[in-house]
Structure formats: structure tokens, C-alpha cells
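**Q** sequence first, predicted model second:
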Amino acid sequence: MKIITNHKLIKRNKRIGQIATFTSLGILAIGLVISFQNDPTMLTWSMAALIVGFFISQIGIYYTTRWGRSPRPDEKLSQSLKGLENKFTLYNFSSPVSHLLLGPAGIWILHPYYQGGTIRYDVEKKRWRQKGGNFYLKLFAQENLGRPDLELTAAQSDMEKFIQREFADEPIPEINSVLIFTNEKANVEAADAPVATIPIGKLKDFLRKRAKENITASVLIDKIRTVLPAEDQ
């Protein structure tokens, strides 16, 4: 399998995370020092510094979690897919979506999630739910699952627009998505989900099985490859 990764983007976002983290620590420290002053007029400045520092720290956590810690989501995907035949190509941050896999299984948008706990799909509310996990990390470290349904819709739209723009004469092919939980402590129980939802350990076998069922024309997949990067950036 060929892997093409945008290392420049990863390096830039890692740097953003570092800058945001150190900046937030500085602002929080200033706010703390001001709070010790026996001057009521400085209270507003102290609170403002603490609030601004907290929000910047959240930016730092977001970028550090996704770009600064190894193994990153792209590294986990790359590792889990090693052994697939050479007809597969994984694009990490090198296509209209964050993680795109092209090959015998068709066109796949990969959505990695690092959350732990039990992952279920609520059929009535049409949403994925997370039960369990670390409460502290959920509260302060952005460990909540969020809204995968919105991310799926946005990524699907981005990929469709890309194909329409680059290949106006081609009909929109089937574009598949899969939610992948990379946390070893994640317990995935989402068989009723409208989109495949699996632990990362089952990803390779899942794709091999889908390769046998794929009907997307390989000619179109080859065309898509020609307008995407051919090597790491």
C-alpha cells in the first residue's frame, strides 16, 4: 500500500499547538498573579486573563491532541493498513478530506476517533453516543465524541464537490465512509449505525471484504489519483 502524507501541514499544526499551549500558560500565570494583588480594580483584568487563557488552552489541547502526540491518527491508520496490496493508496491530509483511501475497495473517507468508552448508535435520535470514558478528560481535554454525523456530511460534500470540479463529465461515484475508533479501550457496539463504525483492529479485514463487493470503476479511481499528490509533501 502506498501512503502519501502532508508532513508540512502536520508540522505547522503541531507548532500552532505548542504556541497556543505556552501562550495560554503565560496568560493564566499573569491572571493568577494579578488575582493576588490587593487591588479590587484589578479583579476584572484577572478574570479576563483567566478566561482568555482558558480558551487559548483549549486551542492548544485541540492541536496538540491531533497533531502533536505520536502516534497521531494518521500514523495509527497507516500502521493498521500495512499489508494491503499496492493498489491501495492512503492520502493523509493530501486530499479534499483528511484521510482518503483509494483502491480495490473503492473510494473511502476514513474518520478516526480517539475516544474511549462504549460507542453506540442511537437509532431514534440518529446520533452516535459515548458511554463511559474518563470524565476529567471529557471535561477538560475534549474527549467528548461530538457530532460524527455532521463531520460525515461535511466530508462527503467536500469529496463530491472535488469530483464535480475535476471531472465534470463523470457521474458522482459511490463515496463510502467509515468511523474508526483508535483507542484500545473503545468498545464499539454500533451495528445499527448507517455508516460502518469499527475499532481500528478490524479496519484492514473490513476493507479487504469490501474490495470483493466494490463496483466503483477503477478507471475513475485512477483519474482521481492523477489530480492528487503523487508523493509526500
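**A** Arrived safely, thanks for sending.

**Q** lowest-confidence helix or strand of the chain?
**A** helix 135-140 (a mean of 50; mean pLDDT, DSSP states H and E).

**Q** tell me the first helix or strand C-terminal of it.
**A** helix 148-166 (DSSP states H and E).

**Q** stretch 204-216: how far from the chain's middle?
**A** 22 Å (C-alpha atoms, centre = their mean, to the nearest Å).

**Q** now that stretch: buried residues?
**A** Buried residues in stretch 204-216, counted by 16 or more other C-beta atoms under 10 Å: 206-207, 210-211, 214, 216. Every residue, glycine included, has its C-beta placed from N, CA and C.

**Q** how about stretch 47-64?
**A** Neighbour-count burial for stretch 47-64 flags 49-50, 52-53, 56-57, 59-64 (criterion: 16+ other C-beta under 10 Å).

**Q** what's the domain layout of the protein?
**A** Recorded structural domains for the chain (assignment: automatic domain parsing) are 2-68, 73-226.

**Q** which among the buried residues of stretch 204-216 gets closest to Ala193?
**A** The closest of the buried residues of stretch 204-216 to Ala193 turns out to be Phe206 (C-beta to C-beta; 13.4 Å).

**Q** and that closest one, helix, strand or coil?
**A** Classification of Phe206 by DSSP: H, G, I helix; E, B strand; the rest coil places it in helix.

**Q** following the longest helix anywhere in the chain, which helix or strand comes up?
**A** Ranked by residue count and defined by DSSP state H, the top helix of the chain is helix 7-35. On the C-terminal side of helix 7-35, the nearest following helix or strand under DSSP H and E is helix 43-63.

**Q** tell me the angle that next one makes with helix 7-35.
**A** 160 degrees (axes from the mean of the first three to the mean of the last three C-alpha atoms, to 10 degrees).
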